[in-house]
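Undergrad: Generate a structure from the sequence data that follows.
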Amino acid sequence: HFYKRCFVLKMASVFGLMIAYNTVIADDGVMIENDFFRDTLDTFDDDTVDNVTEPACDIIATNPNPCPCQCLSDSLICCNLDNTSPLPKGQCDSYNCSATEITLLNCQLHSTVINRQFILSLGWRQSRLRTLRLRNCSISDTTFGSGLEGLRVLDLRGNKVDAFREPELEMLDSIYLSGNNWPCIDPSKEKRFRSKSNLIFGEKMSWLLDMYWNERWIDRKLTFCNLDDHLQSVEEEIVKKHSVESFLQFTKKTNSTCPALCDCEVADETIKFTLEDMSKYKVNVVCTDLGLTSLPSRLPPDTIYLNMANNQVSSLDLLSNLNPDYKSIERLILTNNSLKSMQGLENSWLQRNGPVLLDVRDNFITQLDTSALESMLSKASINTESNYFFAGNPWSCNCQNIKTIQEFLEKYSSLIMDTEHMHCSDCECTLLHLDYKEMCTKDHDYMIWVILVEAILLVAIMLKLTWDCVRYRRTGHLPWVARHLCWSLPGVSRERWMPQLSNMFAWSEHASGQGGSVDPDQGEGVAKGSSGYITCSGNTSHSSKTLPSRTCPGGKESSVVRFL
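TA: Residues are numbered from 1 along each chain as shown. From the prediction side, this is the model:
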């Protein structure tokens, strides 16, 4: 009798505990002001959960019946269920429990299908189940299946959870998910380099954003993602920004704008931003080994890392004109592509912000555009983690650019990590250590020869001009150019002038051949060895009286002017 009375008292205490427990949460999900149960349902730290689960499970453990469940009025409590060790068939049939609420405590439910058959195996015989509650259970890849048409409340607060499938519950009124450490960001899962986590959790739990579930998710504003240890103590308002709902929305938006064939993940730098900016997860985009010929035309918002290594990208034009999709890029990897220049970096967000990482190794770039890189590296020098890589390109080295490039490399040697491996295209010499003086002395500058030839021609022309002037003053002979190219006179056509010009030259040469004398009958000339010239002028009384005259073209008379 003593043991019976103890057992009755224990059962009464459990029954009272369940009554108090049931009064904590009303049907509409409003929580009653009870410090103990409010802490239990909201925070669910290990000690508090044990305070609720251990008494009930201890009582069930003392039950001589091997069934791990206990039927209390309208509630069925089961402890320590393990999907790896299913209950033997008929082990709990003796209860024939008609409870409308079922609570599972301290259970391992990995890849478990919780359906009508599962509930029946616990000794439940009611036609309609109203509430299913799990506490301190491990839930991952769990399926809440068919056959539970009457279920109205699914309470999953205070468990060890992972992503699970969308419940097949069409009559559900409310679902509770708070008080769990939801693994939105899981560094232990497979991910790319420099990524904090993949987006698999957000993809699997995306069904919560559907209108049906969004209306029934009662505590969505209190359901938070896991946080790193050093962020656990931040203020409540900041923590709320890491709600599961916001992460699911981030995943949906990121996947909708992620380039085809690429992987988009949560960036490792997400935790390094200020608390005020924690609501914005940062994105890594990895598009390696895909044979792409251009940069992505669109990127997810807040993309800070883009890896395009081992493709066939030939242009950076999409970076120019301050493309908003590349506004937040801090790390850009373009190793082993088909770039021939870095045109596009100018007037880009990379140039304006100064990226932490720029890798263009193993391309076909020949010109190191120091003007475009100067502003970029100047800003990047503020960050001690900044790294730039330019080796593996056929750099052009000549007297016009080598000095500027060497000064640039020396100035930013702390940022450019591979200056010792940058080689010129026309030699095996290192660009940084190329001897500028030796290189430019050996080179032949053909402009020097052009200038030298021009100077010689100019001197020759001046000497010829001087000689022609002296000869003209001594003999009266015009230069060859004047004799052969000056064939016209103003107002006289070439046809009329040519015959008479020939006669005048013949007459002048005849007079010169007479030993310096002039025959009056043959006209006047300039004596050989004297200086003078022949002119043509109009008829005058003086000229008609002194010497005979020749008629020049245009009806003018000729006369001789002699220099004494």
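
Undergrad: Relative to the whole chain's centre, how far out is stretch 119-138?
TA: 52 Å (Cα atoms, centre = their mean, to the nearest Å).

Undergrad: Can you give me the buried ones in that stretch?
TA: Residues of stretch 119-138 classed as buried: 119, 121-124, 126, 129-138 (neighbour count, 16 or more other Cβ atoms under 10 Å). Bear in mind the C-beta positions are built from the backbone N, C-alpha and C, glycine included.

Undergrad: Now the terminal residues of it, how far apart.
TA: 18 Å (Cα to Cα, to the nearest Å).

Undergrad: And for stretch 69-89?
TA: OK, stretch 69-89 end separation, Cα to Cα: 14 Å.

Undergrad: mean confidence score for stretch 325-335?
TA: Regarding stretch 325-335, the rounded mean pLDDT is 95.

Undergrad: Where does pLDDT dip in this structure?
TA: 1-54, 94-95, 126-127, 227-241, 270-279, 441-445, 485-564 (pLDDT under 70).

Undergrad: and after the lengthiest helix in it, which helix or strand comes next?
TA: The longest helix of the chain (DSSP state H) is helix 446-475. Downstream of helix 446-475, the first helix or strand assigned by DSSP states H and E is helix 480-485.

Undergrad: and for that following helix, what are the contacting residues?
TA: Residues outside helix 480-485 that contact it (Cβ atoms under 8 Å, 6 or more residues apart in numbering): none.

Undergrad: same question, stretch 193-207
TA: For stretch 193-207, using Cβ under 8 Å, 6+ apart, the contacting residues are 162-166, 182-187, 189-192, 213, 244, 247-248, 250-252, 254-255, 263-268, 270-271, 284, 286, 305, 331.

Undergrad: Return the distance of stretch 314-331 from the chain's centre.
TA: Averaging C-alpha positions (Cα atoms, centre = their mean) puts stretch 314-331 5 Å from its chain's average.

Undergrad: ah, wrong one, I meant stretch 385-400
TA: Between the centre of stretch 385-400 and the centre of its host chain there is 20 Å, according to Cα atoms, centre = their mean.

Undergrad: Can you give me the neighbour number for T288?
TA: 17 (other Cβ atoms under 10 Å).

Undergrad: Surely V283 and A267 touch.
TA: Yes - between V283 and A267 there is a contact at 5.9 Å, judged by Cβ atoms under 8 Å.

Undergrad: Mind listing the shared neighbours of those two?
TA: Shared contacts of V283 and A267 (Cβ under 8 Å, 6+ apart): 304-305.

Undergrad: Mind checking which of the buried residues of stretch 119-138 are in strands?
TA: 131-135, 138 (DSSP state E).

Undergrad: okay, among those residues, which ones form the most distant pair?
TA: Based on Cβ to Cβ, the longest span within those runs between T131 and S138 and measures 20.6 Å.

Undergrad: what sits against K340?
TA: 314, 363-366.

Undergrad: give the contact list for Y305.
TA: Taking Cβ under 8 Å, 6+ apart, we find Y305 in contact with 194, 267, 269, 282-285, 329-331.

Undergrad: which outside residues touch the helix or strand containing W213?
TA: Counting by DSSP H and E, the element that carries W213 is helix 211-216. For helix 211-216, the external contacting residues (Cβ under 8 Å, 6+ apart) are 166, 172-175, 207-208, 220.

Undergrad: Can you show me the strands along the stretch 51-200 of the chain?
TA: Using DSSP state E, counting those that start in this stretch, the strands of the stretch 51-200 of the chain run over 69-72, 75-79, 101-105, 108-110, 113-114, 131-135, 138-140, 143-144, 153-155, 160-161, 174-176, 195-197.

Undergrad: Give the partner strands of the first one in its sheet and their orientations.
TA: With DSSP bridges as the test, strand 69-72 is paired with strand 75-79 (antiparallel).

Undergrad: now the third one
TA: The strands beside strand 101-105 in its sheet (DSSP bridges) come out as strand 75-79 (parallel), strand 131-135 (parallel).

Undergrad: Now the buried members of the contacts of helix 211-216.
TA: Buried among these by 16+ other Cβ under 10 Å: 172-175, 208, 220.

Undergrad: Now the two most distant members of those.
TA: The farthest-apart pair in the buried ones among the contacts of helix 211-216, when distances are taken by Cβ to Cβ, is D173 and L208, at 15.7 Å.

Undergrad: Using a markdown table, please lay out the contacts of helix 211-216 together with distance to S378.
TA: Shown next, in a markdown table, are the contacts of helix 211-216 (distance: Cβ to Cβ, whole Å):
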| residue | distance to S378 |
| --- | --- |
| E166 | 52 |
| L172 | 59 |
| D173 | 61 |
| S174 | 58 |
| I175 | 54 |
| W207 | 49 |
| L208 | 47 |
| R220 | 46 |
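
Undergrad: ok so, going back, same for the longest helix of the chain, what does it pack against?
TA: Helix 446-475 sits against strand 531-537, with contacts defined as 3 or more Cβ pairs under 8 Å, 6 or more residues apart in numbering; DSSP states H and E.

Undergrad: can you give me the strands for the stretch 251-400 of the chain?
TA: Under DSSP E, counting those that start in this stretch, the stretch 251-400 of the chain gives strands at 263-267, 283-286, 303-307, 331-333, 357-359, 387-389.

Undergrad: now the angle between strand 303-307 and the first one, please.
TA: Looking back up the chat, that one is strand 263-267. 130 degrees (axes from the mean of the first three to the mean of the last three Cα atoms, to 10 degrees).

Undergrad: Direction included, what does strand 263-267 pair against?
TA: Checking strand 263-267 against DSSP bridges gives partners strand 195-197 (antiparallel), strand 283-286 (antiparallel).

Undergrad: and those strands as a markdown table, adding mean neighbour count?
TA: Listed next are the strands paired with strand 263-267 as a markdown table, based on neighbours: other Cβ atoms under 10 Å:
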| stretch | mean neighbour count |
| --- | --- |
| strand 195-197 | 21 |
| strand 283-286 | 25 |
